[in-house]
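**Student:** task: produce atomic coordinates for the following.
(chains A and B)
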2 protein chains.
Amino acid sequence: MPKASIIGGGVIGGGWAARFLLNGWDVAVFDPDPEAERKITEVLENARRALPALYDRLLPAEGRLSFCPTLADAVTGADWVQESVPERLDLKHKVHAEITRRAPSGAVIGSSTSGFKPSELTAQGARVIVAHPFNPVYLLPLVELVGDAAHCTQAAEMLRGIGMYPLTVRQEIDAHIADRLLEAVWREGLWLIKDGICTTEELDDAIRMGFGLRWAQMGLFETYRIAGGEAGMKHFLEQFGPALQWPWTKLMDVPEFDAALVELIAEQSDAQSGHMSICELERLRDDNLVGMMRALKRTGSGAGGVITAHEAALAAPAPMGLPVTVDRTVPQTWADYNGHMNETHYLEAGAQASDRFMEMIGADAAYIAGGQSYFTAENHITYLDEVLAGSRLTITTQVLAAKGKALHLFHHMHRGDGVLAATMESLLLHVDLTTRRTSDPAPHVREQIDRFVAAHADLARPAQAGRFVGQRP
Amino acid sequence: MPKASIIGGGVIGGGWAARFLLNGWDVAVFDPDPEAERKITEVLENARRALPALYDRLLPAEGRLSFCPTLADAVTGADWVQESVPERLDLKHKVHAEITRRAPSGAVIGSSTSGFKPSELTAQGARVIVAHPFNPVYLLPLVELVGDAAHCTQAAEMLRGIGMYPLTVRQEIDAHIADRLLEAVWREGLWLIKDGICTTEELDDAIRMGFGLRWAQMGLFETYRIAGGEAGMKHFLEQFGPALQWPWTKLMDVPEFDAALVELIAEQSDAQSGHMSICELERLRDDNLVGMMRALKRTGSGAGGVITAHEAALAAPAPMGLPVTVDRTVPQTWADYNGHMNETHYLEAGAQASDRFMEMIGADAAYIAGGQSYFTAENHITYLDEVLAGSRLTITTQVLAAKGKALHLFHHMHRGDGVLAATMESLLLHVDLTTRRTSDPAPHVREQIDRFVAAHADLARPAQAGRFVGQRP
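**Tutor:** Sure, this is the predicted structure:
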């Protein structure tokens, strides 16, 4: 197992720990704060609930988490050392001097800093790059990398391996990229609150009911490219240019951040969100992020593309007696008002099993692009036991019959505790996508099907096969 | 039918037209541009594809669209007049003088302007408020209202009726609220590009892989509240305060927007997105927005709450021979690689029909909150014909049997063209949510069920009822 060393716990360090652990890395934490273990455990609980829910395959088995009494213990044998201590340059220098001395010479050494540039961190000879993540680190893919090029390249490769999106900054600059944009909005926002133009809640609504939705999937420039229309980006820019001279912004001034302004914002924020605890807000945020990121998987835009690429690299289910066609965690977005996996998502999981089986017999994306596919004609599902969000779900697929155009499959759906939670029986028909009529499968697909038919010929017929709805057992 | 008058077509005027039309308003357009009809038709095509997909109920029947030769014709009898002409104050004054003279005295008169304040628009006596929307107007809910309080209140009520989110700005200010934040990011972004810190694509990634995802659902202040943790917003602010004094931002300077910078951005944008046409980008954006906004419906955060509230106000399906339990449009997020509605979503629609039927018999949200519900034990679906995204889907529900704990339902799923596209047969069992065991329904539910059993007693048994998978017809 690769090993990550987390120097400095808290929300950011804890987020890094969770991201590594849930991707199968061992994690060793060093933080003198006596609360560190509690804090990291809390972050980890949120992460266990949310991160696996992004994927339609199982993540690797969780790594081993340990807490170390000294920095030297924590960095021994580490492949990645991540520092997330408070933003004081003297402290960073002290910690990085020791990390450079103690860590393996080939390890990536990253700092979560937003306040310091690599040249500042390395001024006293430490070997370190900036690897600046975004909260919640276990869900948001972005990591800004700044510093030595070879070191950044090595880091980028490893980050992709844990499902993150490395963005290498071309030149070091105070606050890197994203925080400069955040800082600009923060300053302008403070003026709007201070001047009584809006409350914190109204400002949040001005973002999330409008441009926030645009930015989550396309960002700034691609959005404006669309606004420019067929006339092109250049035309748009030439129109927009003069507005820069307008006296809109107050950004040239820094608002006085006095007690009265702090009080005003804190009061408004309490009125807006005070009815929810931080933990409730975190889970609401995570549920929203999971739902939106799963939605983006469909088109591959932004974070959706990152998840799809990572998922493709996850291990395919190992072959067993019956082929395992799905092995995954049940996302909380699949739960319903009864507190368990909704009936619809049993079919969604079963359809994933059918899709996977189609790939196994060569009726894959290329085959479909070539104009042939299978359509489902009939499904029958028995719901045998409840499945809760976060549970593992493993599906095996048995071929009941396969003659001519018809393919008759049976899926067993098992929970992580081994209980048979549901079955799904499916009749699929081979279709020519041009005529939309049934047709015979291609010879190489026929051959693969026959292989499964022969292998499954002696298996017992499942008890639920051939049932009609309401039939006595 | 209420009537909206659209003065000035283009992307924004077209977006308004589509939003009104698809919510059942008649729309009259005035725009001397000979291209106006083509432009509005294009926006309308995108809107017809995307807006109904946000809802799990049918929107009202589309209103009537007309193009008028004069402004006077367009505003006759209007309930809402929306001006979206180019951002020149002399032109706005001229247009609004005529609108004020010609429009009904009780009509809302809104300007889409981001560049002018209400006091500027009304300086020559026109009656008008700012009603500033966000592109695409047919999907994003936000409208900033600024100006006369009573006029804004009247406008807010109407906007909620077409599924939008009115945000009344407390004091007029250049650029209102959201565009001040956008302007701040735009300025900072221009510096980052000009100084070669990143490309347009990298800057977009810095947003959409990180904080863009946070902002789409919670905005700025609620996100920071979470970052502050249990110590509270005040503590967070006191920590954050000093950073404002750091020399991070370049916002005090306006970058020189010369030909070289325009060229640089246009080139980078072409490299980033030039492989897609604007229409393709628009549809990708809309698919992403629909997917993310549907995901937010689950928690009710941000735009999700707006959709849910609007949906609840849409007319429930009218009773017929058999109860209509679903009447909706098929969203494009329900289509799959075969180019039609995926098998999973037939069950999703069928589950919505079962949920609606449960409400009809009194097993509603309050009943479930009281600890009783129905769990599905078995489903059988026959897929009879393809259903394409955008198609209407109407489901009727027949009670086949209902004794003791069991409720045996049969759903017919019809396409908009009347074709029976699928059937779903369901066996539900009444459950005590505390013990998770089957139990008898409450007397008032039993009574409603018996009413349906009696009403459906003489109906023919559907041909697909009692079928097993693969059975010969």
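
**Student:** show me what A:Arg143 is bridged to.
**Tutor:** If you look again at residue A:143, you'll see it is Val, not Arg. A:Pro133, A:Pro166 (DSSP bridges).

**Student:** OK, contacts around it?
**Tutor:** A:131-134, A:159, A:164-167 (CB atoms under 8 Å, 6 or more residues apart in numbering or on different chains). C-beta coordinates here come from the backbone N, C-alpha and C atoms, glycine included.

**Student:** among the residues you listed, who's most crowded?
**Tutor:** When neighbours are counted by other CB atoms under 10 Å in any protein chain shown, A:Ala131 leads the contacts of A:Val143 with 29 neighbours.

**Student:** so that one: helix, strand or coil?
**Tutor:** strand (DSSP: H, G, I helix; E, B strand; the rest coil).

**Student:** got it, and A:Cys198?
**Tutor:** Going by three-state DSSP: A:Cys198 is coil.

**Student:** now do the phi/psi pair for it.
**Tutor:** For A:Cys198, the backbone dihedrals (degrees, to the nearest 10) come out as phi -160, psi 170.

**Student:** quick one: contacts for it?
**Tutor:** A:192, A:206, B:167, B:169-170, B:177.

**Student:** which residue ranges of the stretch 351-473 of chain A form strands?
**Tutor:** Using DSSP state E, counting those that start in this stretch, the strands of the stretch 351-473 of chain A run over A:372-383, A:392-401, A:406-415, A:420-432, A:437-438.

**Student:** can the first one be said to contact chain B?
**Tutor:** Yes. Shown here: strand A:372-383 in contact with chain B (CB under 8 Å from any CB of the partner chain) through A:373, A:375-383.

**Student:** out of those residues, who's nearest B:Gly196?
**Tutor:** Comparing the residues of strand A:372-383 next to chain B against B:Gly196 with CB to CB places A:Ser373 closest, at 47.7 Å.

**Student:** beta partners of that closest one?
**Tutor:** Under the criterion used (DSSP bridges), A:Ser373 bridges to A:Val431.

**Student:** go on, A:Ala4?
**Tutor:** Under the criterion DSSP bridges, A:Ala4 forms beta bridges with A:Val27, A:Trp80.

**Student:** can you list the residue ranges for helices in the stretch 51-200 of chain A?
**Tutor:** Ranges of helices in the stretch 51-200 of chain A, per DSSP state H, counting those that start in this stretch, are A:71-75, A:89-102, A:118-121, A:149-161, A:178-194, A:200-206.

**Student:** those helices: lowest mean pLDDT?
**Tutor:** Per-stretch mean pLDDT for the helices of the stretch 51-200 of chain A is lowest at helix A:178-194 (a mean of 88).

**Student:** tilt between it and strand A:129-133?
**Tutor:** Helix A:178-194 and strand A:129-133 are oriented at 50 degrees to each other (axes from the mean of the first three to the mean of the last three CA atoms, to 10 degrees).

**Student:** what packs against helix A:178-194?
**Tutor:** helix A:200-206, helix A:259-273, helix B:178-194, helix B:200-206 (3 or more CB pairs under 8 Å, 6 or more residues apart in numbering or on different chains; DSSP states H and E).

**Student:** on that earlier part again, can you add distance to B:Thr223 and mean neighbour count and give the strands of the stretch 351-473 of chain A back as CSV?
**Tutor:** Shown next, in CSV, are the strands of the stretch 351-473 of chain A (distance: least, CB to CB, whole Å; neighbours: other CB atoms under 10 Å in any protein chain shown):
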stretch, distance to B:Thr223, mean neighbour count
strand A:372-383, 39, 23
strand A:392-401, 31, 21
strand A:406-415, 35, 22
strand A:420-432, 37, 22
strand A:437-438, 52, 12
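
**Student:** got the ones you listed as a markdown table, with mean pLDDT columns?
**Tutor:** Formatted as a markdown table, the strands of the stretch 351-473 of chain A follow (pLDDT from 0 to 100):
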| stretch | mean pLDDT |
| --- | --- |
| strand A:372-383 | 96 |
| strand A:392-401 | 95 |
| strand A:406-415 | 96 |
| strand A:420-432 | 96 |
| strand A:437-438 | 95 |
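
**Student:** turn these into JSON lines, columns for distance to B:Glu183.
**Tutor:** JSON lines is the format used below for the strands of the stretch 351-473 of chain A (distance: least, CB to CB, whole Å):
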{"stretch": "strand A:372-383", "distance to B:Glu183": "49"}
{"stretch": "strand A:392-401", "distance to B:Glu183": "48"}
{"stretch": "strand A:406-415", "distance to B:Glu183": "53"}
{"stretch": "strand A:420-432", "distance to B:Glu183": "53"}
{"stretch": "strand A:437-438", "distance to B:Glu183": "57"}
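
**Student:** which other residues reach the worst-scoring helix or strand of chain A on mean pLDDT?
**Tutor:** When each helix and strand of chain A is scored by mean pLDDT, DSSP states H and E, helix A:233-240 comes last, with a mean of 71. When contacts are defined by CB under 8 Å, 6+ apart, helix A:233-240 is touched by residues A:221, A:224-225, A:227-229, B:186, B:257, B:262-263, B:265-266, B:269-270.

**Student:** same check, this time on stretch A:460-473
**Tutor:** For stretch A:460-473, contacts defined as CB under 8 Å, 6+ apart pick out A:380, A:382, A:398, A:400, A:410, A:412, A:423, A:425, B:378-380, B:400-401, B:406, B:408, B:425-427, B:465-470.

**Student:** which residue, other than its chain neighbours, is closest to whichever residue of the stretch 301-450 of chain A sits closest to chain B?
**Tutor:** Closest approach between the stretch 301-450 of chain A and chain B, counting by CB to the nearest CB: A:Gly302, at 3.9 Å. Spatial nearest neighbour of A:Gly302, excluding adjacent residues (CB to CB, 6 or more residues apart in numbering or on different chains): B:Arg208 at 3.9 Å.

**Student:** likewise A:Leu388?
**Tutor:** Nearest to A:Leu388 is A:His340, by CB to CB, 6+ apart, at 5.8 Å.

**Student:** if we can go back for a sec, among the contacts of helix A:233-240, show me the least confident.
**Tutor:** Ranked by pLDDT, the contacts of helix A:233-240 bottom out at B:Phe257, which has 65.

**Student:** got the domain ranges for chain A?
**Tutor:** Following automatic domain parsing, chain A resolves into domains at A:3-176, A:179-275, A:316-456.

**Student:** mind putting the helices and strands packed on helix A:178-194 in TSV, mean neighbour count and distance to A:Gly8 included?
**Tutor:** Formatted as TSV, the helices and strands packed on helix A:178-194 follow (neighbours: other CB atoms under 10 Å in any protein chain shown; distance: least, CB to CB, whole Å):
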stretch	mean neighbour count	distance to A:Gly8
helix A:200-206	25	29
helix A:259-273	17	26
helix B:178-194	22	28
helix B:200-206	24	24
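
**Student:** now those helices as JSON lines including distance to B:Lys117?
**Tutor:** Listed next are these as JSON lines, based on distance: least, CB to CB, whole Å:
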{"stretch": "helix A:200-206", "distance to B:Lys117": "17"}
{"stretch": "helix A:259-273", "distance to B:Lys117": "24"}
{"stretch": "helix B:178-194", "distance to B:Lys117": "12"}
{"stretch": "helix B:200-206", "distance to B:Lys117": "30"}
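
**Student:** and these: which comes nearest A:Gln352?
**Tutor:** Comparing those by CB to CB, helix B:200-206 comes nearest, at 28.9 Å.

**Student:** could you see whether chain A lies near the helix or strand following the closest one?
**Tutor:** Downstream of helix B:200-206, the next assigned helix or strand under DSSP states H and E is helix B:212-218. Yes. Using CB under 8 Å from any CB, helix B:212-218 reaches chain A at B:212-218.

**Student:** burial of A:Thr76, as a residue count?
**Tutor:** For A:Thr76, the count of nearby residues is 15 (other CB under 10 Å).

**Student:** ok, and the closest non-adjacent residue to it?
**Tutor:** A:Arg102 (7.4 Å).

**Student:** separation between the one you found and chain B?
**Tutor:** From A:Arg102 across to chain B, the span is 30 Å (CB to the nearest CB, to the nearest Å).
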